[in-house]
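Participant: Sharing a model that was predicted from the sequence below.
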Amino acid sequence: MLYPVDVYVDRGDLMHLRIEQGCPQCGGPVELTETDRLLTCSFCGTRNYLQGNGPFRYVLPMAKPPEAASVLLAPYLRFKGTIYLVSERGLSHRVVDTTQAAAQVAGLPPSLGVRPQAMRLRRIDAGSGASYLPRQIKAGAILAKAAAVGRLTVRTGGQLFHRAYIGESLSYIYLPLLHKRQGVFDGVTGLPLAPPEQAGKTSLRGRPFQEAWQVRFLPTLCPQCGAGLHGSTDCQVMVCTHCHTTWSLVREGLAAVDWRFVPGTGATRLYLPFWRIRARIPTLAISSFADFVERTNQPFLPRPQWGERGMSFWVPAIKLRPKVFLQASRQATLAQWRLNPVSGRIQQLFYPVTLPETEARQAIKIILAAAATAGARLIFPALPEVRTADVSSQLVYLPCVDKGHDWVQPETGIAVGKNVLRLGRSI
Ligand SMILES: [Zn+2]
Ligand SMILES: [Zn+2]
């Protein structure tokens with residue numbers, strides 16, 4: 001049987017997985033996408049956020065409901081996101097969307113192809129009584145394969161300086177299998193995977209649902225004042241318009257985020273969020289912004305006061321196509337001396353944060369590479385050894401004006417196409 005090859009695209013038109021989800025309060029049906037962290041029930045109005053210990057786990061629907069005990073679930077690891085590669089040929093990137101088998105079973109398709117996008121998935125739960133085949137292939141090996149799918153590997157003899165996965169969503173998708181006397185069958189299509197003599201050779205011993213996989217639904221209340229928090233379904237940071245605090249959705253629950261904004265003018269129509277990550281890079285002797293300008297060999301001289309200014313990396317707190325993401329990071333980082341954030345009140349014009357701070361940190365080496373146009377020969381070979389020190393982060397909203405097709409940030413010159421902003425949310 002033929003399975004379609006995985007898709008790898010450089011456009012923002014990736015499809016989301018759709019997940020059928022019962023409301024934890026009233027049981028009403030809600031449809032979520034894989035990047036959604038908030039569940040709003042249209043039946044009872046309850047709002048909850050999803051908290052899990054690791055990647056979310058879903059299962060493909062079966063053709064017909066079987067006797068539960070005979071169902072074996074085979075894990076696939078799904079990766080969707082941007083891979084950046086720094087090699088002697090420069091900085092390259094690609095948006096990759098791939099689903100690879102993580103178990104070794106005779107006849108198991110190596111990829112699920114487009115099936116997850118075409119079907120409505122369900123979240124796995126303890127109730128089904130199915131047994132789960134363990135993951136036998138390491139996540140790292142699957143990510144390396146994803147890079148190969150995106151052709152983000154170096155040629156033989158070439159040098160790989162750095163590879164980063166930024167803003168990706170990782171999840172497990174289980175393919176139901178039916179183990180019968182006649183062999184192993186694909187539970188979705190009903191077609192045989194392997195004849196009995198081959199099936200017998202591979203281990204088909206599953207284990208029960210693990211407690212650590214359980215996703216919890218928690219109320220979206222401000223931990224400081226108890227008011228209801230606000231956020232889009234795919235946001236990573238929720239805001240409280242009552243006590244003017246921001247809260248990041250982390251594994252442990254809600255964590256307070258230190259936030260600021262750069263005041264706009266009467267022409268401001270939108271504020272785009274950025275992670276300002278303060279960090280020293282001892283390996284490259286970068287402590288101040290002046291050090292950064294010198295080490296990356298910028299075509300301008302550092303001003304005297306830049307030596308006093310601690311180095312910050314400015315990373316968009318939103319998912320964007322790689323080219324725009326790099327451009328915006330580079331421009332904001334180089335223009336940081338023009339940005340003077342202050343504290344204030346949450347405003348209607350604040351755009352939702354869709355890229356968590358932990359992901360933004362992964363961009364530091366990429367920004368170094370992207371900023372080092374003339375200094376590439378010095379910076380690139382140093383990247384494997386680059387470590388950050390004294391890292392602290394802040395969320396900063398930057399004012400933007402409406403220029404027709406683009407949002408433009410006046411202090412930095414960053415221009416983000418309105419369609420790019422919308423499409424970025426599907427990455
Ligand atoms: Zn409900
Ligand atoms: Zn509050």
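Facilitator: Thanks, I have it. Numbers count the residues shown, from 1 in each chain. Ligands and ions are numbered 1, 2, ... in the order given.
Participant: Okay, and the nearest residue to Leu326 once chain neighbours are set aside sits in which element?
Facilitator: On the basis of Cβ to Cβ, 6 or more residues apart in numbering, the spatially nearest residue to Leu326 that is not a chain neighbour turns out to be Ala370, at 4.9 Å. C-beta here means a position set from N, CA and C on the backbone, and glycine is covered the same way. According to DSSP states H and E, Ala370 maps onto helix 364-371.
Participant: Can you give the contact residues for the next helix or strand after that helix?
Facilitator: Using DSSP H and E, the next helix or strand after helix 364-371 towards the C-terminus is helix 376-382. For helix 376-382, contacts defined as Cβ atoms under 8 Å, 6 or more residues apart in numbering pick out 86, 88, 90, 159, 161, 283-284, 295-297, 368-369, 372.
Participant: list the buried ones in helix 376-382?
Facilitator: Under the neighbour-count criterion of 16 or more other Cβ atoms under 10 Å, helix 376-382 has 376, 379-380, 382 buried.
Participant: phi, psi of Phe161?
Facilitator: phi -90, psi -40 (degrees, to the nearest 10).
Participant: Does it touch Val386 like I think?
Facilitator: No. Contact between Phe161 and Val386 fails when scored by Cβ atoms under 8 Å: they sit 9.7 Å apart.
Participant: Can you give me the neighbour number for the residue nearest to Leu326?
Facilitator: When neighbours are defined as other Cβ atoms under 10 Å, Ala370 has 23 of them.
Participant: Next one, pLDDT for the closest residue to Gln327 other than its chain neighbours please.
Facilitator: In this structure, Gln327 finds its nearest non-sequential neighbour in Ile414, 7.3 Å apart by Cβ to Cβ, 6+ apart. Here the pLDDT value assigned to Ile414 is 97.
Participant: Does the helix or strand where Thr358 lies pack against any helices or strands, and if so which?
Facilitator: For Thr358, the host element (DSSP H and E) is helix 357-361. Where contact means 3 or more Cβ pairs under 8 Å, 6 or more residues apart in numbering; DSSP states H and E, helix 357-361 is packed against strand 160-180, strand 268-280, strand 389-403.
Participant: Pull up the pairing partners for the longest one, direction included.
Facilitator: Sheet pairing of strand 160-180 (DSSP bridges) gives strand 56-59 (parallel), strand 71-87 (antiparallel), strand 183-186 (antiparallel).
Participant: Okay, domains of the protein per the record?
Facilitator: For the chain, automatic domain parsing gives the domain ranges 7-216, 258-424.
Participant: So which of those domains is nearest Cys240?
Facilitator: domain 258-424 (7.1 Å; Cβ to Cβ).
Participant: Helices of this structure, start to end?
Facilitator: Counting by DSSP state H, one finds helices in the chain at the ranges 115-118, 139-149, 196-199, 289-295, 322-334, 357-361, 364-371, 376-382, 418-424.
Participant: among the ones you listed, which is the most enclosed?
Facilitator: Most buried of the helices of the chain, by mean neighbour count (mean count of other Cβ atoms under 10 Å): helix 364-371, with a mean of 24.
Participant: The closest residue to Val408 other than its chain neighbours - how many residues pack around it?
Facilitator: Closest residue in space to Val408, ignoring its immediate chain neighbours: Ala415 at 5.0 Å, by Cβ to Cβ, 6+ apart. Ala415 has 17 neighbours, counted by other Cβ under 10 Å.
Participant: surely Ala415 meets Gly404?
Facilitator: No. Using Cβ under 8 Å as the test, Ala415 is too far from Gly404 to be in contact (10.6 Å).
Participant: what residues are up against the nearest residue to His16 once chain neighbours are set aside?
Facilitator: Using Cβ to Cβ, 6+ apart and skipping the chain neighbours, the partner closest in space to His16 is Thr33 (3.8 Å). Contact partners of Thr33, counting by Cβ under 8 Å, 6+ apart, are 16-19, 233-234.
Participant: Sitting in strands, which of the residues you listed do you find?
Facilitator: Using DSSP state E, 18-19 are the members of the contacts of Thr33 that sit in strands.
Participant: Which one of the contacts of Thr33 is nearest to ligand 1?
Facilitator: Using Cβ to the ion, Thr233 comes nearest to ligand 1 of the contacts of Thr33, at 14.7 Å.
Participant: Give the burial count for the closest one, as a bare number.
Facilitator: Using other Cβ under 10 Å, the number of residues around Thr233 comes to 17.
Participant: I figured it was touching Thr40, is that so?
Facilitator: Yes. Between Thr233 and Thr40 there is a contact under Cβ under 8 Å: 6.8 Å.
Participant: about what we covered before: between the helices of the chain, which one is nearest to Gln51?
Facilitator: helix 357-361 (15.2 Å).
Participant: State the mean pLDDT of stretch 300-307.
Facilitator: Mean pLDDT, stretch 300-307: 93.
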